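Q: got a predicted structure here, sequence first:
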Amino acid sequence: IDSAGNVSVDEQQTSKALDAGIWVYSGHRAVDRPPGGASLNKVADAIAAGAGGYRNGPGGYRLIGLPIMRGEARVGMVVAAASDATYERARTAAIVGSTVLALLMLLGAYPVLRIAAGRALRPVGEMTHRASDWSAHALNERFGADHRYAEIQSLAATLDEVLDRLAAVVRHERRLSAELSHELRTPLSAIVAETDLLLSREHAPEQVAVAHQAIHDSALAMERIMETLLSAARVDTQDAPGRCDLAPVVARLVHDHGRNRPAVAVDIAAGLGVGVDGPIVERILAPILSNARRYAQRSITVRARRKQNWVVIEVSDDGPGVAPDVRDEVFEPGRRGRNDDGHDGAGLGLALARRLARAAAGDVTLGAGSTFEIRLPPA
């Protein structure tokens, strides 16, 4: 800017910069223009004639004018132009590059993720196969609490519960069949015997009438047995059959068998279940608890716990215990531990308890001293 306020351009120092899209005005007159079309020059001239600022030009160009000041007076204008095409090409290149990079990463990660997922799900497949095989051939097998990842261990616990319920259903059906066979045998035998007797020879009318009444009574007994067992089966199917909560069953049994006898301490966690019907559990425990009350001096203890694939119930007392010479025979029908105890029982209680426990896929054994151990499948 000279002393008169005229703006000039040093071509040697600024030629390259001006070639990049710079207009320089002295007043409203252009003293230098970059190479370009007339349309851009027209927009630049309009900016120089005004107050500056931004304007859009042709071909995707955007122009800006900045005034040249001398003191408080404007003596000229510098106008710069830039094309949006450069930024569009950069944006397009960035999008294409990112897309290609993402595809390459996906193609590279897919086999790795597939292998990792396969290794992670392999235990699930193995557990599914084992559960399927156990449900068909080994209802007492369980996965247990082995060291596994939390998610896999949760699945194992769920499968164990499903297998417990399936085993309970199967045991229930087997018990129903066994009870039908056992209960129907007596009246059916009576009907056959009376029929054979009637067919063997001639009988007086009174004898025939008695035989007919006996056959009729036996048939009615069979009908009642069928209705009772089938009604019980229908009730059981409203919930998972062959299952019960152990604590209330034992509490009820202790209460029903006398409160003035030796004290009974019960140690059973709430919610501990067995895969056997409550009445069957009572019929298993009743003779064992009766023996404990008979021989205990001051106290009886009933405790239960989950042990591997079993629920183990221990009934012990502080009495003299079972004599060593009869320990191996105490579960035989008609065999009593002591014949001089003044008890008029027939020695069938322990035999019945063991038979019922084994029918429910469990067992009753004699432990140390006077401790009886009942093993039942879990619920």
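A: Alright, I've got the coordinates.
Q: C-alpha only now, for contacts and for neighbours.
A: Will do.
Q: spit out the contact partners of the residue nearest the centre of the chain.
A: Nearest to the mean C-alpha position of the chain, by CA atoms, centre = their mean, lies T158 at 4.4 Å. Neighbour list for T158: empty [criterion: CA atoms under 8 Å, 6 or more residues apart in numbering].
Q: show the model's pLDDT score for it.
A: T158 is assigned 83 on the pLDDT scale.
Q: again, but for A102
A: Looking at A102, the pLDDT reads 89.
Q: pull up the gap between it and A109, please.
A: 10 Å (CA to CA, to the nearest Å).
Q: next secondary structure after the least confident helix or strand in the chain by mean pLDDT?
A: Using mean pLDDT, DSSP states H and E, helix 11-19 stands out as the lowest-scoring helix or strand of the chain, at a mean of 55. Going down the chain from helix 11-19, the next helix or strand is strand 22-26, by DSSP states H and E.
Q: circling back to that earlier point, helix, strand or coil for the residue nearest to the centre of the chain?
A: T158 falls in the helix class when you classify it by DSSP: H, G, I helix; E, B strand; the rest coil.
Q: begin at 43, not 1, for the rest of this chat.
A: Noted, 43 is the first residue going forward, which turns the last one into T200.
Q: give me the neighbour count for G320.
A: Neighbour count for G320, taken as other CA atoms under 10 Å: 19.
Q: what residues does the closest residue to it other than its chain neighbours make contact with?
A: Leaving aside its sequence neighbours, G320 sits nearest to C286 (CA to CA, 6 or more residues apart in numbering; 5.4 Å). Going by CA under 8 Å, 6+ apart, C286 touches 315-320, 421.
Q: out of the residues you listed, list just those in helices.
A: Using DSSP state H, G320 are the members of the contacts of C286 that sit in helices.
Q: in space, what's closest to W352 - neighbours in sequence excluded?
A: Once flanking residues are discounted, W352 sits nearest to P419: 5.0 Å by CA to CA, 6+ apart.
Q: my guess is that neighbour contacts V323. True?
A: No - using CA atoms under 8 Å, P419 is not in contact with V323, being 11.4 Å away.
Q: any idea of the angle the helix or strand where V120 lies forms with strand 64-68?
A: When elements are assigned from DSSP H and E, V120 belongs to strand 115-125. For strand 115-125 against strand 64-68, the angle by axes from the mean of the first three to the mean of the last three CA atoms, to 10 degrees is 160 degrees.
Q: contacts for strand 115-125?
A: Under CA under 8 Å, 6+ apart, the answer for strand 115-125 is 47-49, 63-70, 86, 89-90, 94, 101-111.
Q: could you rerun that using 7 Å?
A: 47-49, 63-70, 86, 90, 102-111 (CA atoms under 7 Å, 6 or more residues apart in numbering).
Q: where's the closest residue in space to V120 that isn't next to it in sequence relative to Y96, distance?
A: Nearest non-adjacent residue to V120, counting by CA to CA, 6+ apart: V66, 4.7 Å away. According to CA to CA, V66 and Y96 sit 16 Å apart.
Q: who's more crowded, those two?
A: The neighbour comparison of V66 against Y96 (other CA under 10 Å) goes to V66, with 28 against 15.
Q: residues touching that one, list them.
A: 72-75, 119-121.
Q: now tabulate those residues in JSON lines and tack on neighbour count and pLDDT.
A: Compiled in JSON lines, the contacts of V66 are given as follows (neighbours: other CA atoms under 10 Å; pLDDT from 0 to 100):
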{"residue": "A72", "neighbour count": "19", "pLDDT": "86"}
{"residue": "V73", "neighbour count": "15", "pLDDT": "86"}
{"residue": "D74", "neighbour count": "19", "pLDDT": "85"}
{"residue": "R75", "neighbour count": "16", "pLDDT": "84"}
{"residue": "M119", "neighbour count": "28", "pLDDT": "89"}
{"residue": "V120", "neighbour count": "20", "pLDDT": "90"}
{"residue": "V121", "neighbour count": "23", "pLDDT": "87"}
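Q: which one of these sits closest to A135?
A: V121 (29.2 Å; CA to CA).
Q: where's that closest one relative to P100, distance?
A: 15 Å.
Q: now do R335
A: 109 Å.
Q: again with E183
A: On the measure of CA to CA, E183 and P100 end up 82 Å apart.
Q: show me which of the two is the more surrounded one.
A: More neighbours surround E183 than the other of E183 and P100, with 16 against 11 (other CA under 10 Å).
Q: list the residues that contact the more buried one.
A: With CA under 7 Å, 6+ apart, E183 has these contacts: W176.
Q: could I get the pLDDT score of the residue lying closest to G409 once chain neighbours are set aside?
A: Closest residue to G409 apart from its sequence neighbours, by CA to CA, 6+ apart: E415 at 6.4 Å. E415 carries a pLDDT value of 94.
Q: which elements pack onto the helix or strand harbouring E415?
A: Here E415, judged by DSSP H and E, is contained in strand 414-418. In terms of contacts (3 or more CA pairs under 7 Å, 6 or more residues apart in numbering; DSSP states H and E), strand 414-418 is packed against strand 352-359, strand 405-408.
Q: what's in contact with the longest one?
A: In this structure, residues lying in contact with strand 352-359 by CA under 7 Å, 6+ apart are 316, 334, 338, 341-348, 412-420.
Q: repeat that for the last one.
A: By CA under 7 Å, 6+ apart, the residues outside strand 405-408 that reach it are 396, 399, 414-418.
Q: ok, so of those residues, who is nearest R266?
A: A399 (25.7 Å).
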